[in-house]
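>>> Provide a 3D model corresponding to the input given below.
(2 chains)
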2 protein chains.
Amino acid sequence: MRRWNGWGEAAVEVLLPPSAQALLEDRLGPGTPPRDCSLEEVLARIPPSRLPNHPQVHTDPELRLRHAVGQGLPDWIAARSGRIQAPDGVAFPETNEDVRALLAYARAVGARVIPYGGGTSVVGHLRVLPDPRPALVIDLGRMNRLLALDRLSGLATFQTGIRGPDLEAALRAHGFTLGHFPQSFEYSTLGGWIATRSVGQFALGYGRIEELFVGGRVETPQGPLILPSLPPSAAGPDLRHLVLGSEGRLGILTEAVLRVRPLPEAEALGTFFFPDFDHGLAAARAMVQAGIPLTMLRLSTAEETRMTLLLSGREGWVRLLRGWLRLRGLGDTPCMLLLAAAGARRVVHAALAEAFHIARRHHGRSLGSRLAREWLRQRFRAPYLRNTLWAMGYAVDTLETAVIWARVPAMVTAIEEALRNGLADQGERVYAFSHVSHVYPHGANVYTTFLFRLAPDPEESLRRWQRLKQAASAAILRLGGTISHQHGVGVDHLPYLEAEKGPLGLAILRAMLRAVDPEEIMNPGKLIEGPGR
Amino acid sequence: MRRWNGWGEAAVEVLLPPSAQALLEDRLGPGTPPRDCSLEEVLARIPPSRLPNHPQVHTDPELRLRHAVGQGLPDWIAARSGRIQAPDGVAFPETNEDVRALLAYARAVGARVIPYGGGTSVVGHLRVLPDPRPALVIDLGRMNRLLALDRLSGLATFQTGIRGPDLEAALRAHGFTLGHFPQSFEYSTLGGWIATRSVGQFALGYGRIEELFVGGRVETPQGPLILPSLPPSAAGPDLRHLVLGSEGRLGILTEAVLRVRPLPEAEALGTFFFPDFDHGLAAARAMVQAGIPLTMLRLSTAEETRMTLLLSGREGWVRLLRGWLRLRGLGDTPCMLLLAAAGARRVVHAALAEAFHIARRHHGRSLGSRLAREWLRQRFRAPYLRNTLWAMGYAVDTLETAVIWARVPAMVTAIEEALRNGLADQGERVYAFSHVSHVYPHGANVYTTFLFRLAPDPEESLRRWQRLKQAASAAILRLGGTISHQHGVGVDHLPYLEAEKGPLGLAILRAMLRAVDPEEIMNPGKLIEGPGR
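This is a model prediction of the structure:
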């Protein structure tokens, strides 16, 4: 059974190794385990549904509660403290006709609609905002089939409620892969990936979701929007790029055609250590700008490298490794770079050889593939640590931007400093570390994890988070980064969207929303204010 | 001096080798040289300008005439027969402020605006359509500077009126290249490339213009739309993809930030021959789907291979080659595949080796790099043949679609047959041949060249072209191809846009145009009808 107020399966627990716990207590001070509400306590507070009867709309309180919570820290605080706003009903359509009927029902009864995929949004897409209209959640979970596979063209048509593992399994049975592995892979859905412009860990080779999404079908309040499956076209603006990132505002994406690839002939992994972050960054930049065909480049700051090694739980081995790195001249604060390549054997070998060559030129030392293999094996377990940390009295959240190469080092510093000093006036410390895990010829993402102590009062915990989020977002905007590299806008990033799109850009987006949803029933209050009914 | 009624410099003439001419006469019958109007005759027919005075607006008739003609066959027929509609004035802004002032002037005097880059549009973007409002052409030719170069991030900021050779020269001086080489490279401009979603010959490696265009500035009638320079972002719909393909309807793109690359360490070319088109196609598809890092894959049909070899003018050598191909079991109708790679030496070598391996598996024979080098050297000369052929009494035009792999062979057949039979009821033959020059993991373009005889009456020549264009476009839509892979929509493809975007898609685009150009002064009648003032 999935946790209703945390990450993942209730039966799975990932423990924090003692050495990692010691580092954390050293950085933040001891945590105080919070007093969380039980499921029963929260259920008792759910008010009756305001939605009129409909055979497909369920109003069971637990079902409604389980569809009220995303995975952002505000969602967690709301759920754990029982201050949660539940939707009025949940529907599970199975066909496009069902979706159209549900949209018609919502319009008829004056309800708003919140589309629901895997429930993993970290920026508030699923939050039920104050609004006099009842809220209907449309859960796409039963629309999860592979509808067609064109082997020759490498195109697969899926219903969009399918989750990552089911999608990959369906493709693997035919010898194909999509190659899209976001951190939320185990729960998040195809529709959510497209609606939020999601990025997978191997996007460097397989492409971001916008490169994989070829066409599809959106059921809007004004009828279906069909995007034909075409190779790139020069016939006017590309409407796919309006659906990508539309966050449920345009309608419900029910089917998507994806570019899939034959399973690669060869895969390879590599681990390098650099004397500091700047050397690692220069190497990563040189690799991507030279066009080396890799599928992943992931560089951690010295602090994240330290925490990552401690999280392995193998203290003796980590001590040996640190000694070896010192002997090789890498000092006490080495930075770890993981890389991967996949494809034709000949090309994979050349890519790794060239990457090795570039890493050496930047004082990098190869450590074989072991640590990269370990990362690969453990990569979907990290979010489970949030449950463990919460129980110890620590809140953890992540944030992410992308910026041009010239500003990456300053961005890392600015975000981490904004966070570290964000609660200084309360005498609270914040622990923050970062990595770069998506590189482009012209820039890279900066992905920062930050931890702070929960307060006894949940409202105070939320205020701490808000202050940190504001401080980090201000730093991101100051340095010209995007407010979101892969999480989307939702509620938490909405105030910062105008800085990126400009007032005229927002006017264009509002005009477009008005054309498909004049009554503003689709996920109002997310992505962008307005357009105004 | 540039030709006012044809392609390229008046001093440059490219002759048709006798063997190619013989093939053409065999296919079409002898041509009758047309009677073209002289420049003086056409100038005498230009009516006075209807625009009120403005210090930056020129109304000289020859200048207006030279800005009235694109490179589509209807443009040629209009120019050569003197039935041309000239704009009322031409302005040459030098700054963003100039552009804003000109847009304000156009609004104030009730004029419409036609943006002008290199004058190479082949689908009617520059045509002055019937409209009671005077037409002001804004020629960006003086906005042609490199404004900034961020070497670390690989980002170059240009004014958009810069032509291909000037842009590459400016970058090469700093050790960089954009790598964007459309057929029109010598005259077309950066702004035109972006506004029409142009594709370069090496796009397989360097990317289509939409992958190279990072940000910029559009002066719209409602003020500037600024697109910040970011790596990919998940912050909502991507407005760059509305500017790309906007064809002058949103406003005037004055500055663009481009992803540029260091000049490659190594470049390599290859030529292969296959026994037929299907084998070549299977090889090209296997190469791109395996992710081999190539910069070009270009496969000609047997008929185009034949014509290409004859155009080399070296008859003896071609006979020897054909004999050698027969000996190697490739029969009498071999198909030629050219390929290119660029980048790190190690990776380029691996890519070519893997391509060789795949070609062999599909019965391809390597012929070294000579023919590919020859193609590279001659690649911008082909359009000059249009002048030569016209003078012999032949019209030549090209059209292009892109479609998923499963339908590429049927598409080639359908387009060529629609063209070949398109004038059968008049007893006129049409000569058509095709190539695939842009491949994607999920599909490819189909680029068809067609020739037919000019009629003594230019109206009849235009009707012939219209019938052929309609027949080919119907075939493209029937088989689910895009109406344009790299030429844009303009006037000629406008009737077919709804088939690709759908009625709701068009409604979205119209709403967006209304938001930035409520008076519909920007290039009306191109791309999309409406939005309606």
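>>> what parts of the stretch 301-450 of chain A come near chain B?
Contact residues, the stretch 301-450 of chain A versus chain B (C-beta under 8 Å from any C-beta of the partner chain): A:343-344, A:346-347, A:349-351, A:353-354, A:357, A:402-406, A:438, A:440-445. The C-beta positions use only the backbone N, C-alpha and C, and glycine is treated the same way.
>>> ok, and for stretch A:416-423, which residues are buried?
Within stretch A:416-423, the residues that qualify as buried by neighbour count (16 or more other C-beta atoms under 10 Å in any protein chain shown) are A:416, A:418, A:419, A:420, A:422, A:423.
>>> and the helix or strand containing residue A:464, what's buried?
Assigned by DSSP states H and E, residue A:464 belongs to helix A:458-478. Residues A:458, A:461-462, A:464-465, A:467-469, A:471-473, A:475-476 are the ones in helix A:458-478 that count as buried (16+ other C-beta under 10 Å).
>>> now these in CSV, with distance to chain B and pLDDT?
What follows is the buried residues of helix A:458-478, written out as CSV (distance: C-beta to the nearest C-beta, whole Å; pLDDT from 0 to 100):
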residue, distance to chain B, pLDDT
A:458, 29, 97
A:461, 26, 98
A:462, 23, 98
A:464, 25, 98
A:465, 20, 98
A:467, 22, 98
A:468, 20, 98
A:469, 15, 98
A:471, 19, 98
A:472, 15, 98
A:473, 12, 98
A:475, 16, 98
A:476, 11, 98
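>>> helix, strand, or coil at the residue lying closest to residue A:496 once chain neighbours are set aside?
For residue A:496, ignoring the flanking residues on the chain, the nearest one in space by C-beta to C-beta, 6 or more residues apart in numbering or on different chains is residue A:483 at 4.2 Å. Under the three-state scheme (DSSP: H, G, I helix; E, B strand; the rest coil), residue A:483 adopts coil.
>>> residues in contact with residue A:483?
By C-beta atoms under 8 Å, 6 or more residues apart in numbering or on different chains, the contact set of residue A:483 is A:401, A:473, A:476, A:477, A:489, A:493, A:496, A:497, A:499, A:500, B:233, B:235.
>>> and residue A:84, by the same measure?
Counting by C-beta under 8 Å, 6+ apart, residue A:84 touches A:42, A:45, A:65, A:68, A:69, A:78.
>>> look up how far residue A:129 lies from the fourth one.
Just to be clear, that refers to residue A:68. Distance, residue A:68 to residue A:129, by C-beta to C-beta, to the nearest Å: 11 Å.
>>> neighbour count winner among those two?
residue A:68 (26 against 14; other C-beta atoms under 10 Å in any protein chain shown).
>>> the more buried one reaches residue A:128, doesn't it?
Yes. Between residue A:68 and residue A:128 there is a contact at 5.9 Å, judged by C-beta atoms under 8 Å.
>>> shared neighbours of those two, anything?
In terms of C-beta under 8 Å, 6+ apart, residue A:68 and residue A:128 are both contacted by the residues A:85, A:86, A:87.
>>> only the buried subset of these, as a ChimeraX command please.
Command for ChimeraX that selects the buried part of these, burial taken from 16+ other C-beta under 10 Å:
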select /A:86,87
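>>> okay if I get the shared contacts of residue A:68 and residue A:128 as CSV plus distance to residue B:210 and pLDDT?
Formatted as CSV, these follow (distance: C-beta to C-beta, whole Å; pLDDT from 0 to 100):
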residue, distance to residue B:210, pLDDT
A:85, 41, 96
A:86, 42, 97
A:87, 38, 98
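>>> pick the one among the shared contacts of residue A:68 and residue A:128 closest to residue B:312.
Nearest to residue B:312 among the shared contacts of residue A:68 and residue A:128 is residue A:87, at 70.1 Å by C-beta to C-beta.
>>> circling back to that earlier point, need the overlap of contacts for residue A:68 and residue A:129.
Common neighbours of residue A:68 and residue A:129, using C-beta under 8 Å, 6+ apart, are residue A:85.
>>> residue A:457: neighbour count?
Neighbour count for residue A:457, taken as other C-beta under 10 Å: 11.
>>> and the gap between it and chain B?
Going from residue A:457 to chain B by C-beta to the nearest C-beta, to the nearest Å gives 32 Å.
>>> now a PyMOL select for only the buried ones of the contacts of residue A:483.
Of those, the buried ones go into a single PyMOL selection, burial set by 16+ other C-beta under 10 Å:
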select buried, (chain A and resi 401+473+476+489+493+496+497+499+500) or (chain B and resi 233+235)
